[in-house]
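In: Please find the sequence and the predicted model below.
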Amino acid sequence: MLFLRNFSILSSIFFLLFLFPDDGFAKKSGKIKFKELSYNFGKVLRGQKLKHKFEFVNSGEQRFAIRGVHASCGCAVGTFDSDKSYGPNEKGSIEVVLDTTNFRGKLSKTVTVMTDTKLLATRNLTVRAFVEEEIFAEPPLLAFGDVFTGSGAAKEFEVKA
(Lines give C-alpha, C1' and ligand atoms only; values in the text may rest on other atoms or scores of the structure.)
Protein backbone atom coordinates (compact mmCIF):
# COMPACT_ATOMS: atom_id res chain seq x y z
CA MET A 1 0.00 0.00 0.00
CA LEU A 2 2.79 2.36 0.92
CA PHE A 3 4.46 1.67 -2.42
CA LEU A 4 1.30 2.56 -4.36
CA ARG A 5 0.85 5.78 -2.42
CA ASN A 6 4.50 6.83 -3.00
CA PHE A 7 4.21 5.88 -6.66
CA SER A 8 1.05 7.97 -6.96
CA ILE A 9 2.73 11.00 -5.37
CA LEU A 10 5.83 10.67 -7.56
CA SER A 11 3.81 10.26 -10.74
CA SER A 12 1.77 13.36 -9.82
CA ILE A 13 4.96 15.37 -9.33
CA PHE A 14 6.38 14.23 -12.67
CA PHE A 15 3.08 15.02 -14.37
CA LEU A 16 3.06 18.55 -12.93
CA LEU A 17 6.70 19.11 -13.93
CA PHE A 18 5.86 17.98 -17.43
CA LEU A 19 2.74 20.15 -17.55
CA PHE A 20 4.42 23.24 -16.06
CA PRO A 21 8.14 22.99 -16.80
CA ASP A 22 10.53 25.46 -15.20
CA ASP A 23 12.19 27.17 -18.15
CA GLY A 24 14.69 28.84 -15.80
CA PHE A 25 17.28 26.14 -16.43
CA ALA A 26 16.92 26.29 -20.20
CA LYS A 27 16.86 30.09 -20.36
CA LYS A 28 19.98 30.42 -18.23
CA SER A 29 22.07 28.52 -20.76
CA GLY A 30 22.80 29.10 -24.41
CA LYS A 31 20.21 27.71 -26.79
CA ILE A 32 20.74 27.19 -30.51
CA LYS A 33 17.60 27.73 -32.57
CA PHE A 34 17.75 27.05 -36.31
CA LYS A 35 15.61 28.91 -38.82
CA GLU A 36 15.08 25.53 -40.55
CA LEU A 37 16.23 21.98 -39.85
CA SER A 38 16.02 20.66 -43.41
CA TYR A 39 16.48 21.90 -46.95
CA ASN A 40 15.47 20.34 -50.27
CA PHE A 41 17.49 21.30 -53.36
CA GLY A 42 14.88 19.71 -55.63
CA LYS A 43 15.98 18.21 -58.97
CA VAL A 44 19.71 18.61 -59.64
CA LEU A 45 22.21 17.18 -62.12
CA ARG A 46 24.66 14.53 -60.99
CA GLY A 47 28.12 15.88 -60.20
CA GLN A 48 26.99 19.19 -58.75
CA LYS A 49 28.27 20.43 -55.40
CA LEU A 50 25.27 22.01 -53.71
CA LYS A 51 25.59 24.57 -50.92
CA HIS A 52 23.10 25.73 -48.31
CA LYS A 53 23.50 27.89 -45.20
CA PHE A 54 21.50 26.87 -42.15
CA GLU A 55 21.02 30.03 -40.09
CA PHE A 56 20.61 30.00 -36.32
CA VAL A 57 20.25 32.35 -33.36
CA ASN A 58 21.18 31.97 -29.70
CA SER A 59 17.76 32.21 -28.04
CA GLY A 60 19.16 31.53 -24.56
CA GLU A 61 20.57 33.88 -21.92
CA GLN A 62 24.20 32.67 -21.94
CA ARG A 63 26.90 32.18 -24.58
CA PHE A 64 27.37 28.88 -26.38
CA ALA A 65 29.88 27.47 -28.85
CA ILE A 66 29.62 24.89 -31.60
CA ARG A 67 31.93 22.01 -30.74
CA GLY A 68 31.69 20.07 -33.98
CA VAL A 69 29.77 19.24 -37.14
CA HIS A 70 29.71 15.67 -38.44
CA ALA A 71 28.08 14.39 -41.62
CA SER A 72 26.53 10.97 -42.19
CA CYS A 73 28.96 10.36 -45.08
CA GLY A 74 31.87 11.96 -46.93
CA CYS A 75 29.54 13.41 -49.57
CA ALA A 76 28.27 16.07 -47.15
CA VAL A 77 30.47 18.56 -45.31
CA GLY A 78 29.41 21.11 -42.73
CA THR A 79 31.57 24.16 -42.03
CA PHE A 80 31.31 26.64 -39.16
CA ASP A 81 33.40 29.22 -37.33
CA SER A 82 35.15 27.01 -34.75
CA ASP A 83 36.73 29.93 -32.88
CA LYS A 84 33.47 31.75 -32.18
CA SER A 85 31.01 31.63 -29.32
CA TYR A 86 27.54 33.16 -29.66
CA GLY A 87 26.01 35.51 -27.13
CA PRO A 88 22.27 35.97 -26.48
CA ASN A 89 20.37 36.89 -29.68
CA GLU A 90 23.55 36.57 -31.75
CA LYS A 91 23.15 34.96 -35.17
CA GLY A 92 25.36 32.55 -37.07
CA SER A 93 25.24 29.91 -39.78
CA ILE A 94 26.51 26.49 -40.75
CA GLU A 95 27.19 25.90 -44.43
CA VAL A 96 26.54 22.40 -45.75
CA VAL A 97 28.04 21.28 -49.07
CA LEU A 98 26.52 18.18 -50.69
CA ASP A 99 28.49 16.43 -53.46
CA THR A 100 26.12 14.56 -55.80
CA THR A 101 28.84 12.87 -57.89
CA ASN A 102 28.22 9.30 -56.70
CA PHE A 103 24.43 9.39 -56.48
CA ARG A 104 21.36 8.98 -58.65
CA GLY A 105 17.73 9.39 -57.60
CA LYS A 106 16.56 10.36 -54.12
CA LEU A 107 19.33 11.60 -51.85
CA SER A 108 19.01 12.52 -48.17
CA LYS A 109 21.96 13.21 -45.86
CA THR A 110 22.18 14.32 -42.25
CA VAL A 111 24.67 16.66 -40.61
CA THR A 112 24.85 16.59 -36.80
CA VAL A 113 25.71 19.84 -35.01
CA MET A 114 27.18 19.52 -31.50
CA THR A 115 27.15 22.45 -29.09
CA ASP A 116 28.09 23.04 -25.47
CA THR A 117 24.51 23.96 -24.52
CA LYS A 118 22.91 22.25 -21.54
CA LEU A 119 19.70 21.28 -23.31
CA LEU A 120 19.52 19.84 -26.83
CA ALA A 121 23.30 19.81 -27.25
CA THR A 122 23.01 18.09 -30.65
CA ARG A 123 20.83 19.03 -33.60
CA ASN A 124 20.39 17.21 -36.89
CA LEU A 125 20.23 19.14 -40.14
CA THR A 126 19.02 17.33 -43.27
CA VAL A 127 19.71 18.11 -46.93
CA ARG A 128 17.77 16.42 -49.73
CA ALA A 129 17.91 16.34 -53.50
CA PHE A 130 16.72 14.30 -56.45
CA VAL A 131 19.82 13.62 -58.55
CA GLU A 132 19.36 13.23 -62.29
CA GLU A 133 21.95 12.34 -64.92
CA GLU A 134 22.34 14.09 -68.27
CA ILE A 135 23.43 10.83 -69.90
CA PHE A 136 23.25 7.35 -68.42
CA ALA A 137 23.58 3.76 -69.61
CA GLU A 138 21.02 1.04 -69.05
CA PRO A 139 22.10 -1.31 -67.55
CA PRO A 140 24.65 0.78 -65.62
CA LEU A 141 27.15 -2.12 -65.39
CA LEU A 142 28.11 -4.84 -67.87
CA ALA A 143 29.70 -8.15 -66.85
CA PHE A 144 31.64 -9.94 -69.60
CA GLY A 145 32.84 -12.88 -67.52
CA ASP A 146 36.11 -14.51 -68.65
CA VAL A 147 37.31 -13.12 -71.98
CA PHE A 148 40.43 -14.70 -73.44
CA THR A 149 42.91 -13.11 -75.84
CA GLY A 150 41.80 -13.59 -79.42
CA SER A 151 38.18 -14.27 -78.56
CA GLY A 152 35.54 -11.62 -78.64
CA ALA A 153 32.77 -10.67 -76.29
CA ALA A 154 29.84 -8.39 -76.97
CA LYS A 155 27.02 -6.94 -74.92
CA GLU A 156 24.33 -4.45 -75.78
CA PHE A 157 23.38 -1.45 -73.73
CA GLU A 158 21.36 1.68 -74.26
CA VAL A 159 22.57 5.22 -73.73
CA LYS A 160 19.82 7.60 -72.63
CA ALA A 161 19.82 11.35 -72.44
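Out: Ah, there it is.
In: Could you use CA atoms for every contact and neighbour count after this?
Out: Will do.
In: which residues of the chain fall in helices?
Out: 2-19, 24-27 (DSSP state H).
In: For the longest one, the averaged confidence score.
Out: When you say that, I think you mean helix 2-19. Averaged over helix 2-19, pLDDT sits at 51.
In: pLDDT weak spots in the chain?
Out: 1-27, 161 (pLDDT under 70).
In: most centrally placed residue in it?
Out: The residue lying closest to the centre of the chain (C-alpha atoms, centre = their mean) is residue 110, at 2.4 Å.
In: how about the nearest residue to that residue, chain neighbours excluded?
Out: residue 126 (4.5 Å; C-alpha to C-alpha, 6 or more residues apart in numbering).
In: partners of that neighbour in the sheet?
Out: Beta bridges link residue 126 to residue 38, residue 110, judged by DSSP bridges.
In: how near is it to residue 53?
Out: 12 Å (C-alpha to C-alpha, to the nearest Å).
In: of the two, who's got more company?
Out: residue 126 (19 against 16; other C-alpha atoms under 10 Å).
In: tell me which residues form a beta bridge with residue 50?
Out: Residues in beta-bridge contact with residue 50 (DSSP bridges): residue 98.
In: What is the burial count for it?
Out: There are 15 residues near residue 50, going by other C-alpha under 10 Å.
In: Could you pull up the residues touching it?
Out: Counting by C-alpha atoms under 8 Å, 6 or more residues apart in numbering, residue 50 touches 41, 97-100.
In: just residue 116 next, same as before
Out: Neighbours of residue 116 in contact, by C-alpha under 8 Å, 6+ apart: 64-67.
In: Tell me which of these fall in strands.
Out: Among the contacts of residue 116, the residues falling in strands (DSSP state E) are 64-67.
In: With distance to residue 76 and neighbour count added, can I get the residues you listed in a markdown table?
Out: Output for those, formatted as a markdown table (distance: C-alpha to C-alpha, whole Å; neighbours: other C-alpha atoms under 10 Å):
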| residue | distance to residue 76 | neighbour count |
| --- | --- | --- |
| 64 | 24 | 22 |
| 65 | 22 | 20 |
| 66 | 18 | 21 |
| 67 | 18 | 18 |
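In: Quick check: the farthest pair among the residues you listed?
Out: In the ones in strands among the contacts of residue 116, two members sit farther apart than any others by C-alpha to C-alpha. They are 64 and 67, at 9.3 Å.
In: Quickly list what's touching both of the two.
Out: Joint contacts of residue 64 and residue 67 (C-alpha under 8 Å, 6+ apart) are 115-116.
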